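Q: Next comes the sequence, and after it the predicted model I'd like to discuss.
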Amino acid sequence: MGLIKLGKLLSLSETNNIEGLYDLNNLKGISIQKVFIETKADMNGVSLTPYLIVPPDYFAYVTVTSRNSEKITIAHNKTDETYIVSSSYVVFSVKDTRILLSDYLYIYFNRPEFDRFSRFNSWGSARETFSWDDLCDIDIDLPPLPIQQKYVDIYNAMLENQRVYERGLDDLKLTCDAYIERLRRDLPHTVINNYISLCDTKNEDLKYNVNSVKGVSIEKRFIETKADMEGVSLKPYIRVSPDAFAYVTVTSRNGEKISLAHNNSEETYIVSSSYVVFVVKDKSKLIPSYLKLFFNRSEFDRYSRFNSWGSARETFNWEDMQEVKIPIPDNIKIQQSIVDIYNAYITRREINEKLKAQIKDICPILIKGSLEEAKRS
């Protein structure tokens, strides 16, 4: 078919939710992963009548590209539901799917090349935007419809395989959660004070350098420190040996979560002396990974937040941590079995994220392959 202006193939939609047919259950935002997500906006008292309607097979995007990780937030409604989005978004559809398939266009949008193009062609002072006119001005090279369909089928088959895998992942997590709930219901809860001990080994010999410095996130994992370490002495930093835990006592202004992590690596980290570091005394009685399961639950976040004290800053200190109660089976094999299920879930979750990344990475290959096949034919 050759090059054609994208604007000739698209139709702008400005239909508002005037009649109020759609409510908060239909309200969506868009992520930089190019999917519709639940809105993060505070909708208390907000009228939904000016919101734009996004029917099935329609697209929506946010024109602002600055401060957006060098990506454009655009999504395709592939469901049978109708969404509504902010009136600041742009909503459009493909005019004639006998010329351009909506799924093929989404693959085109899902490439890093399109992110770079839209970012480079964004304009503005306080906020840089990629407008509807900018989108319409794109020259797109389209292969014949059968070739578009062939590569869309490849993409959708990969996507369906990933979703089937993800559904299995959800089932595994459900099994893990159900197992923990049964333990919580059937076993007496024991204070963990007798199972854990405080660690206060400083990095006084400077055995560990700035590469070993870690922070702790509310996602319950160690992360690279965000602190400016220039000129900072690492001598008072506390060592976090393999299988040890570290947490930040301050819980206020922390998203109602506690920043706590388990060092499941073979490396030793060092953390700020303001952190609390502790270990399990006897792993034949309590497996550290089993303890981590309970720390990772939302119930523990609520518990630690409720039991935090202070005026300017509310903290969940070491004394509070020792008073935590969990069900601890005497049979270590029972602990290990649930840890094994959880580890299988974590492994599969990581594989699922890799599958998602691979599907995204294949989008430019699919577009390139379709165009090359069109030239050959």
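A: Good, I have the coordinates.

Q: Does L24 touch L48 like I think?
A: Yes: using C-beta atoms under 8 Å, L24 is in contact with L48, at 7.3 Å. Backbone N, C-alpha and C define where each C-beta goes, glycine included.

Q: Which residue ranges make up the domains of this structure?
A: Domain segmentation of the chain under automatic domain parsing yields 2-142, 145-187+333-377, 188-328.

Q: want to try JSON lines for those domains, with mean pLDDT as columns?
A: Formatted as JSON lines, these follow (pLDDT from 0 to 100):
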{"stretch": "domain 2-142", "mean pLDDT": "92"}
{"stretch": "domain 145-187+333-377", "mean pLDDT": "91"}
{"stretch": "domain 188-328", "mean pLDDT": "93"}
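
Q: okay if I get those domains as CSV plus mean neighbour count?
A: Compiled in CSV, the domains of the chain are given as follows (neighbours: other C-beta atoms under 10 Å):
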stretch, mean neighbour count
domain 2-142, 16
domain 145-187+333-377, 15
domain 188-328, 16
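
Q: For L234, give me its contacts.
A: Taking C-beta atoms under 8 Å, 6 or more residues apart in numbering, we find L234 in contact with 203, 206, 208-210, 213, 270.

Q: make that S259, sorry
A: By C-beta under 8 Å, 6+ apart, the contact set of S259 is 216-218, 220, 247-248.

Q: okay, these in TSV with distance to E181 and secondary structure next?
A: As requested, the contacts of S259 are exported to TSV (distance: C-beta to C-beta, whole Å; DSSP: H, G, I helix; E, B strand; the rest coil):
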residue	distance to E181	secondary structure
V216	27	strand
S217	26	coil
I218	23	coil
K220	19	coil
Y247	24	strand
V248	28	coil
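
Q: longest single helix anywhere in the protein?
A: When the chain is parsed with DSSP state H, its longest helix is helix 332-376.

Q: So what's the gap between that helix and the chain middle?
A: Relative to its chain's centre, helix 332-376 lies at 14 Å (C-alpha atoms, centre = their mean, to the nearest Å).

Q: Could you do stretch 262-271 as well?
A: Stretch 262-271 sits 23 Å away from the centroid of its parent chain (C-alpha atoms, centre = their mean).

Q: still on that earlier bit, include secondary structure and distance to K28 when you put the contacts of L234 into TSV, please.
A: As requested, the contacts of L234 are exported to TSV (DSSP: H, G, I helix; E, B strand; the rest coil; distance: C-beta to C-beta, whole Å):
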residue	secondary structure	distance to K28
N203	coil	48
L206	coil	51
Y208	coil	46
N209	coil	46
V210	helix	42
V213	strand	39
I270	strand	43
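
Q: Between all of those, which two are separated the most?
A: Spanning the widest gap among the contacts of L234 are L206 and V213, at 12.1 Å by C-beta to C-beta.

Q: contact partners of stretch 167-180?
A: Contacts of stretch 167-180 with the rest of the structure, by C-beta under 8 Å, 6+ apart, involve 293-294, 297, 338, 341-342, 344-345, 348-349, 352.

Q: how about the nearest residue in space to S86 that is not next to it in sequence, phi and psi?
A: Leaving aside its sequence neighbours, S86 sits nearest to Y51 (C-beta to C-beta, 6 or more residues apart in numbering; 6.4 Å). In terms of degrees, to the nearest 10, the main-chain angles of Y51 are phi -70, psi 150.

Q: wait, doesn't Y51 sit right on V85?
A: Yes: judged on C-beta under 8 Å, Y51 makes contact with V85 at a distance of 6.4 Å.

Q: Give the residues shared as contacts by the two.
A: Residues touching both Y51 and V85 (C-beta under 8 Å, 6+ apart): L27.

Q: got the contact list for the residue nearest to S86?
A: For Y51, the contacting residues are 16-17, 22, 27, 84-87, by C-beta under 8 Å, 6+ apart.

Q: Out of the residues you listed, which comes closest to S289?
A: For those, the residue nearest S289 by C-beta to C-beta is L27; the value is 39.1 Å.
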